Every structure is written in structure tokens, then in C-alpha cells.
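J.: what's the 3D shape of this:
(chains A and B)
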Protein chains: 2
Amino acid sequence: MPDVAVIGASMTQFGQREAWIRDLLAEAGQQCLDDAGVESSEVEHLYVSNMASGEFEGQTGVPNALAHDLAAIPAYTQRVDQTSSSGGAGIYAAWQSVASGASEMTLLVGGEKMTHRTTGEATDIIASLTHPVEYKQGVTLPSFAGLAARLYLDRFDAPRESLAKVAVKNHANGVRNPHAQFRKEIDVETAMEAPMVADPLRLYDFCPITDGSAALLFCPAEVARSYADEYAVVSGVGGATDTHVVHERVDPTTMGGVVESGRQAYEMAGMSPDDIDVAELHDMFTILEFLQMEGLDFAPKGEAWKEIEAGTTTIDGERPINTSGGLKSKGHPLGASGVAQGYEIYKQIVDDAGSRQVDADVGLACNVGGFGNCVTTVIMEGRQ
Amino acid sequence: MPDVAVIGASMTQFGQREAWIRDLLAEAGQQCLDDAGVESSEVEHLYVSNMASGEFEGQTGVPNALAHDLAAIPAYTQRVDQTSSSGGAGIYAAWQSVASGASEMTLLVGGEKMTHRTTGEATDIIASLTHPVEYKQGVTLPSFAGLAARLYLDRFDAPRESLAKVAVKNHANGVRNPHAQFRKEIDVETAMEAPMVADPLRLYDFCPITDGSAALLFCPAEVARSYADEYAVVSGVGGATDTHVVHERVDPTTMGGVVESGRQAYEMAGMSPDDIDVAELHDMFTILEFLQMEGLDFAPKGEAWKEIEAGTTTIDGERPINTSGGLKSKGHPLGASGVAQGYEIYKQIVDDAGSRQVDADVGLACNVGGFGNCVTTVIMEGRQ
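T.: Below is the predicted model of the structure:
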């Protein structure tokens, strides 16, 4: 089984874009090929991470459209959907395509076009991923986040401000990211006094609705050097589900899919949490950053909030988390987000992260679908 | 890279079903596990081939629902969409998951629920896979089929009756398939006089709108014997695209994706067309059976129609095609069809095809997305 390398990465401007899903995918895809100096005719497999182009835009078959737009025909193409973790699932699919020997050059492009819909429409499309029993009772993902946050704060005696500090940190990082949707610092007071959305969570505890796309290019590690002086290797990858019905979880503050996918990735990489220098976690809601830190053993159960209080996860902390600005300020175009997490980790470990650069040889990205219904975790390390 | 085996298969009744997509997937998934004597807790990866559950039913996240319904959590799960070839793409994804070492037990379930929508609504959902330029001009897949059939008949001096004979053959086979939507023989006269749909194609040249699901279970060949006395091995698999805009094809009677995916599958298997004893081809429209036979080198260019005239593709012919009844009489629940093709080939080569049984050691399935926009081809052979 060949080691799998990442030799190129790109992301478009995230935000409100005057472009359709096809335009966004083609933009990121071409930039990624250019970044690696690879011709589209060299692409053998082309995966598109996208949750809902049919529902958002009435357009399906976008992988074929992308193969056309990039002049990559006859490359094999397929859509990877795992709702909000479609991007991470795409990384897993792309890794499998190279590791199995099926492809020696795999382009992964993730994207979503959402902002032409109202927030209500977009929330409803996303909520269709939940169990019908929950969906028909009006439960949406933000409401789950509110319930989980309340339970966490109460059980672990955590201050409400600790969640606000996650938003403050990630907004501060986003200012340094030219592709981020929001490049605006906020302070704890602003976050604490923002409009209530799902008690106790307020506006700044939530990521926005976003258009955008991101891409990664994979090939066998043994040929990576012929394309790039510095590149990344996928050291570990894993994926797992948790209950589809959230109320069936024994402990809603433990994300079983994070724990299991992280365990697989650590085992494959032969690494422990101590080996991770930088991480991108799926902060669709601030509370999720804590739950993932604990699920990945970055902090003991119930103690992740102490890390934000101690400042260890800031961009100049011991283990920076969401240097990209996270979904919180960068935005969350569903199918793009996991790929954009990979983009950030890749840029950090090949020392190309600009003003966001931290000292990192090994990075981890954790992408969460639904409310932890499905999770993928990937660990990459730099090679030169 | 381990050889990949298929150790179980199932399909539900195809047709108009009083069930939702979740019910159909769970029915086929559980039957497949039972067929192989494997517990759901042994499943490591679970792939769902489905084009449009969101568009048809307002329900997304069905892979998570299936992991729940089969009690397969924490198995990793993901949706595979490649429009009408989602099933074949699922076979490719499942093969990659085992061949890469990511999973030692992968369940693939394909399904679609369509009949609760009107034919117009369903046609419109399917047509959303075409290029927007074509889609906005009102072009649907049946109209492409009419144009291609007219060109084929004219260029190769083929009799119109040869297309009718494809329908007659596949309907005759479907009578022997207890899972088929239509179990009704037709004659050439009936086909030739049926209502016109897309000149020169008439009603019986088209597959129906269908509900249904099918499943296959994959594991490394080296452990297959511990589950089954007779099993199949995936000898070859390939996938490729053709132009997304159909009118950009130099020759619309050549299906480039069929040619290229077939070439890959033959090369990997170390086989030639002469080695194939039985085949399932994607007869969404009768003309496609000819175009695939030629693309796969079962017949020279422009001469596939002579095979149906000579009777070589009937169930007691030299190389039977669509012993299952094909999409034509079995039905075409989009995401299920490619998996159901695999089901038929598996059953034939492990000698479990009941009254449809032919003498076959090696079989091939070709699944077509769009109008040949994306194609997968798989070759399986029996082992005992």
C-alpha cells in the first residue's frame, strides 16, 4: 500500500459569492492544479465533496461538469456526500483511491453554494440530514448545540465566557486569513451580549451561511518529490459514525464519532495527541471545539474550557486550534469545509501559511457531519 | 494490495413500493448481511449509492440513517453519487475501501425511491444532471436516446426491429426474475406499435420509474472462504467520463466512457472480451445496449444489432446479456441499478441465479451515468 502525499492545495474566497457551484468548483480545482504545477490531463480520479447542489441550486451531476470545466475528461469522477463532513469524507475517498492503486493523481474539490437561499431555507436543507423524528419535531442543528452547551457548562462548571473566548480566538485568526468570510475581531463582551439564538448560545457562537470551494491534490508519496520540494504525507486517517438519533446517546457531551475516528487516525499514524502541533476542528458551533478537543484527547473530559482560559489554543499558544479562523469566521460552505481544513493543515506544515504561520510539523483536521453523526479525522505531516 | 471478494448479495422487490428510501436501504442491507452470515457489528465501512434522496423525498443523511437502522454504528459511512451510475461508482468505492486496507468488511447498499413523484417530476430531477445549456433547452435523457437511435439506425443500416428485439429479450428474461418490476413477455409487434416517446423510440424502448434497493458485501479475498464456500472476486474495475455536453462528442454513437472504463477493467483483470461469459449492460434505453456492446468490444462498431438478430445475447445464447431482465423490465431505481447489476453477475457466477442460471465463470457489469457522462465497468469471476 503506497504512502499517500498531498502536493497541492487551494481555496477560493469564502463568503457571499456571485457565482454558481460549478464556477466555485472550477475556480478551486484549477488553482490547486496550478499550485502543484500539474496538468488537468494528468488527473486520473476527480472527487467532488458536496452535500446538496440539487437542493440548493437544482443542479446535479456537478462532478461531470467539473471534469468538463477543467478539461480533465476521461478522468473518473464521483460525488462524495457525508452532509457537513463531506469534505473530510472526500479526503478519505481520495486517500483510498491512491492507496488502493486505482489512481496515481487524484484531485479533490469540495464546495457549496448557499447564500442565494434565505437562512431559513438553508437551515431547512441542512436539517433534512437529521433523523425524521427529530426533524419533524422542529429540531435543527443549532438547537442541538444549545442543548449540548447548556449541559456542558452545567456539568463541568465551565464559565459561559469560555465559549465566547472560542469565538474571539477564531475571529482573531480569521483576520489573518485573506480567504475568510469575516475578517473582524470581536471581544468577549460583544459575544456575550449578541442576540440569543439557542440558549445559552448567541449569534457569535455560530458559523455563517457561506459560498466557497477548496481543493487538494493527492498522489503516491514516492512520486511527490517530482512535483514539489515540500509536500505533506497523510500519516493517518479514520472515519466513524455516532447514533443518528442524538437523544439516543448515553452522554451527549461525548462525541463518539470523534473519539473513534481519532483513534483510527492516531493508530494508523503511530502517533498520540502529544504529536499534534496544530489542529483544525469543526467549530460550526463554539461548543463543538471543546467537545472535539476532548474527543481527540487534547484535553481531559470536561476540561477543554480550561485550555481556552489558559490561552494554549491561540495562534501563539502551545497547540494552536483553528489558525484559519475556523468555520466560525472563515465560513462553512458545507462540502468545502473539510477540504478547507485540509488546506490549512497543508499550508501550515509546508510553511506557507503567511501571517498565520505557526511552528508545526504535524497537523490534524477533524470534520463533523450532522451533530457528530459522522466524523472523519486526518493527520498530515510535512516532508521535504 | 489485497484481492477483493464479494461474499453476499441481495436485492429487494423492484417496482412501486409502499416504503421510503430508508426502509428500502435497510431491507436490502439486512438481507445482504443475512445472505453472507455476517453480523452488522462486523461492518467497518458502509457505502450508500443514491442520487437524489434529498430531491425526491426531502431526506438527506441516509447513510447515517442506515448505519442506525442496521445497528452498524460506529461503521464509517458515506453516500456515493454519480447520478444514474451511482451503483457502479459504489462498487468502485467499496473495492477501493478494501483494496486500500481501510476496511476489511464493506457493505454497499444502493437505492432510490421515485414512484411517489409524477413521471414529469422524476424526469426533471434526473434531467438536472445534464449540462445547464442542454437542460434549459428542454433536453432530457430520453430525447438524447431518440437522437442517438436515429443516427445509429441510419448510419449502420440497422433495422428498427433490432431495437424492439432488445426489449423483447429483456422482458423475456425479466419473467424469470422474481424481483423484476415487469414480469411480462412482449413481442416485436407490440414494441413496434407502442406509443412514440422520442422518435424513433417508443414506450418499450425505455426503462420505467422504479423504487428499489440492492446490496453487496465485500472483504479481502484471503478471508472470504471463512464466510462462504463459493464467492466472487473483483478481477477488474474501471471508471471514466465522457463529455458533459453530449453535442461536443465527435461521434455520439461511440460511448467514450464505456470504452475507457472497459479498457481499464480488462487490463486490470488481464482479460479480453472473449473471456466474458455473461454481462449486465445499462439498458436504460434499448439503443444503449448496442452502444455498450460495441464500446466493450463484444461486437465491432455498428454491428451489435446483428448479435440480437442472430440471438447470441439471449439467455441461451453464446453470451447472454441482461439475464436479470435489465433496467428495461427489472426497473431502474437510480442508485440501486449498478448494485443490482453486480447482484445479477454475482448470482450467475456463484451458480445461484435460479431459473435464469447460465453457464458462466466470468461476468461483467457496465453502469452508465447520464448519457454516458460517467461510466463504471466491473468484472467478477467465481471462486470456490
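J.: Where do the helices of the stretch 1-150 of chain A begin and end?
T.: Remark: helices assigned in the stretch 1-150 of chain A by DSSP state H, counting those that start in this stretch are A:21-36, A:53-57, A:62-69, A:86-99, A:119-127, A:132-136, A:141-155.
J.: Quickly, which of those bottoms out on average pLDDT?
T.: Mean pLDDT across the helices of the stretch 1-150 of chain A is lowest at helix A:132-136; the value there is a mean of 81.
J.: Give the buried residues for that helix.
T.: Buried residues in helix A:132-136, counted by 16 or more other CB atoms under 10 Å in any protein chain shown: A:132, A:134, A:135. C-betas here are computed from N, CA, C, even on glycine.
J.: May I have the phi/psi pair for the nearest residue to the first one once chain neighbours are set aside?
T.: Of all residues not flanking residue A:132 in the chain, residue B:59 sits nearest, at 6.8 Å (CB to CB, 6 or more residues apart in numbering or on different chains). Residue B:59 adopts backbone torsions of phi -130, psi 120, taken as degrees, to the nearest 10.
J.: pLDDT score assigned to residue B:59?
T.: pLDDT, residue B:59: 93.
J.: separation between it and residue A:129?
T.: Residue B:59 sits 8 Å away from residue A:129 when distances are taken as CB to CB, to the nearest Å.
J.: Pick out whichever of those two has more residues nearby.
T.: More crowded of residue B:59 and residue A:129, by other CB atoms under 10 Å in any protein chain shown: residue A:129, with 29 against 19.
J.: wait, what's in contact with the residue nearest to that one when sequence neighbours are not counted?
T.: Excluding its sequence neighbours, the residue lying closest to residue A:129 (CB to CB, 6+ apart) is residue B:61, at 3.3 Å. Contact analysis of residue B:61 by CB atoms under 8 Å, 6 or more residues apart in numbering or on different chains lists A:83, A:128, A:129, A:130, A:244, A:369, A:370, A:373.
J.: redo that, cut-off 7 Å
T.: A:83, A:129, A:130, A:370, A:373 (CB atoms under 7 Å, 6 or more residues apart in numbering or on different chains).
J.: do you know how far the fourth one is from chain B?
T.: Using CB to the nearest CB, to the nearest Å, one gets 6 Å for the distance from residue A:370 to chain B.
J.: Check which residues of the host helix or strand of residue A:266 are buried.
T.: Using DSSP states H and E, residue A:266 maps to helix A:256-269. By 16+ other CB under 10 Å, the buried positions in helix A:256-269 come out as A:256-266, A:268-269.
J.: Next, the angle helix A:86-99 makes with that helix.
T.: For helix A:256-269 against helix A:86-99, the angle by axes from the mean of the first three to the mean of the last three CA atoms, to 10 degrees is 30 degrees.
J.: What lies in contact with helix A:256-269?
T.: Helix A:256-269 is contacted from outside by A:235-242, A:272, A:292, A:295-296, A:366, A:372, A:374-379, B:74, using CB under 7 Å, 6+ apart.
J.: Measure how that helix sits relative to helix B:62-69, angle-wise.
T.: Using the same axes, to 10 degrees: helix A:256-269 against helix B:62-69 is 100 degrees.
J.: and the stretch 101-250 of chain A, which residues reach chain B?
T.: By CB under 7 Å from any CB of the partner chain, the residues of the stretch 101-250 of chain A that approach chain B are A:101-102, A:128-132, A:239-245.
J.: One more pass at 6 Å, please.
T.: Neighbours of chain B within the stretch 101-250 of chain A, by CB under 6 Å from any CB of the partner chain: A:101, A:102, A:128, A:129, A:239, A:240, A:241, A:244.
J.: neighbours of the first one, just the number please.
T.: I take that to be residue A:101. Residue A:101 has 15 neighbours, counted by other CB under 10 Å.
J.: Test my guess that it contacts residue B:1.
T.: Yes. Judged on CB atoms under 6 Å, residue A:101 makes contact with residue B:1 at a distance of 5.4 Å.
J.: Filter the residues of the stretch 101-250 of chain A next to chain B down to the buried ones and hand me the PyMOL line.
T.: For the buried members of those, the matching PyMOL selection, counting by 16+ other CB under 10 Å, is:
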select buried, chain A and resi 102+128+129+239+240+241+244
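J.: In TSV: the residues of the stretch 101-250 of chain A next to chain B, plus pLDDT.
T.: Listed next are these as TSV, based on pLDDT from 0 to 100:
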residue	pLDDT
A:101	97
A:102	98
A:128	91
A:129	92
A:239	98
A:240	98
A:241	98
A:244	92
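J.: out of the residues of the stretch 101-250 of chain A next to chain B, which are inside strands?
T.: A:239, A:240, A:241 (DSSP state E).
J.: For the residue nearest to the second one when sequence neighbours are not counted, give me the pLDDT.
T.: For residue A:240, ignoring the flanking residues on the chain, the nearest one in space by CB to CB, 6+ apart is residue A:260 at 3.6 Å. With respect to pLDDT, residue A:260 scores 98.
J.: before we move on, what about residue A:296?
T.: Here, the pLDDT recorded for residue A:296 equals 98.
J.: Not counting its neighbours along the chain, what's nearest it?
T.: Of all residues not flanking residue A:296 in the chain, residue A:262 sits nearest, at 4.5 Å (CB to CB, 6+ apart).
J.: What separation do you get for that neighbour and chain B?
T.: Distance from residue A:262 to chain B, counting by CB to the nearest CB: 12 Å.
J.: before we move on, what about residue A:42?
T.: Residue A:42 sits 15 Å away from chain B, going by CB to the nearest CB.
J.: For that residue, give its distance to residue B:350.
T.: As judged by CB to CB, residue A:42 and residue B:350 stand 39 Å apart.
J.: Counting neighbours, go ahead and name the busier of those two.
T.: The residue with more neighbours, out of residue A:42 and residue B:350, is residue B:350; 21 against 16, by other CB under 10 Å.
J.: And for that one, nearest residue in space, chain neighbours not counted?
T.: Sequence neighbours aside, residue B:230 is the residue nearest to residue B:350 in space, at 4.4 Å (criterion: CB to CB, 6+ apart).
J.: picking that back up, of the contacts of helix A:256-269, which belong to helices?
T.: The helices, defined by DSSP state H, take in A:292, A:295 from the contacts of helix A:256-269.
J.: Buried by neighbour count, from the contacts of helix A:256-269: which ones?
T.: Looks like these have A:235-242, A:292, A:295-296, A:366, A:372, A:374-379, B:74 buried, using 16+ other CB under 10 Å.
J.: give me the low-pLDDT residue ranges for the stretch 101-250 of chain A?
T.: Judged against pLDDT under 70, the stretch 101-250 of chain A has no low-scoring part.
J.: Which helix or which strand is home to the spatially most central residue of chain A?
T.: The centroid of chain A falls nearest to residue A:338 when counting by CA atoms, centre = their mean (2.9 Å). Taking DSSP H and E as the definition, one finds residue A:338 inside helix A:334-349.
J.: What are the neighbouring residues in contact with residue A:88?
T.: By CB atoms under 6 Å, 6 or more residues apart in numbering or on different chains, residue A:88 lies in contact with A:338, A:367, A:376.
J.: Would you mind giving the residues you listed as CSV with pLDDT and distance to chain B added?
T.: CSV is the format used below for the contacts of residue A:88 (pLDDT from 0 to 100; distance: CB to the nearest CB, whole Å):
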residue, pLDDT, distance to chain B
A:338, 98, 12
A:367, 98, 12
A:376, 98, 8
